[in-house]
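Visitor: sequence unknown, structure follows:
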């Protein structure tokens, strides 16, 4: 899941106010809580034991890769459009294919190490197709100041 979080805000009357601090630690805990609560609600009491174990195994919340924006809005827009318009794995990351298995590499975000995996073709395809959205699934959703027809839209563009 990817989310853009504004580095400021504006009201209908108040002008833009930048916010340089965002509590990423809170985001880790909040994401864990909301996700586990929704799973517990959906799966029922059979999930409670696993839910408690997850809380014990992840006392610092779930991994969130969050960085402050150090680039212009144009670069951010270019990155997001490139991300949404490209395949799940770049052809350059596929190292070999011998008819039975696929060898590929990627960089783990947690420790920035390059990982090489070799999978049977069927398993590789299974990993790819889970990223294909359902028909009519809305890939991008906008809320708050990112929503269309926001009252401050003209003023927000300059920020």
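Guide: Received, thanks. Here the structure is a predicted model, which is why all the values come from computation and not from measurement.

Visitor: drop to CA atoms for contacts and neighbour counts, all remaining ones
Guide: Will do.

Visitor: flag the shaky bits of this structure, pLDDT-wise.
Guide: By pLDDT under 70, the weakly predicted segments of the chain are 1-4, 66-71, 73, 82-85, 139-159.

Visitor: residue boundaries of the strands in it?
Guide: 8-9, 17-18, 94-97, 101-107, 114-120 (DSSP state E).

Visitor: now do the buried residues in the third one.
Guide: What it means is strand 94-97. Neighbour counts over strand 94-97 (16 or more other CA atoms under 10 Å) mark residue 94 as buried.

Visitor: what lines up beside that strand in the sheet?
Guide: strand 101-107 (antiparallel) (DSSP bridges).

Visitor: chain center to the strand it pairs with: distance?
Guide: For strand 101-107, the separation from the chain centroid amounts to 21 Å (computed by CA atoms, centre = their mean, to the nearest Å).

Visitor: what comes up buried for that strand?
Guide: 102, 103, 104.

Visitor: kindly report the same for stretch 28-42.
Guide: Buried residues in stretch 28-42 (16+ other CA under 10 Å): 28, 29, 32, 33, 36, 40.

Visitor: of all these, which comes closest to residue 15?
Guide: residue 28 (29.8 Å; CA to CA).

Visitor: distance check, that closest one against residue 39.
Guide: Residue 28 is 17 Å from residue 39, where distance means CA to CA, to the nearest Å.

Visitor: how about residue 32?
Guide: In terms of CA to CA, residue 32 sits 11 Å off from residue 39.

Visitor: same question, residue 58
Guide: From residue 58 to residue 39 the distance is 16 Å (CA to CA).

Visitor: now for the longest helix seen in the chain, which elements pack on it?
Guide: The residue-count maximum for a helix in the chain (DSSP state H) belongs to helix 24-43. Applying 3 or more CA pairs under 8 Å, 6 or more residues apart in numbering; DSSP states H and E, we find helix 24-43 packed against helix 48-57.

Visitor: who are the packing partners of the helix it packs on?
Guide: helix 24-43.

Visitor: ok, residues contacting the helix it packs on?
Guide: 47, 48, 51, 60, 61, 62, 63, 64, 66 (CA atoms under 8 Å, 6 or more residues apart in numbering).

Visitor: follow-up on the earlier one: what about the longest helix of the chain, distance to the chain center?
Guide: For helix 24-43, the distance to the chain centre is 15 Å (CA atoms, centre = their mean).

Visitor: what's the angle between it and helix 48-57?
Guide: 170 degrees (axes from the mean of the first three to the mean of the last three CA atoms, to 10 degrees).
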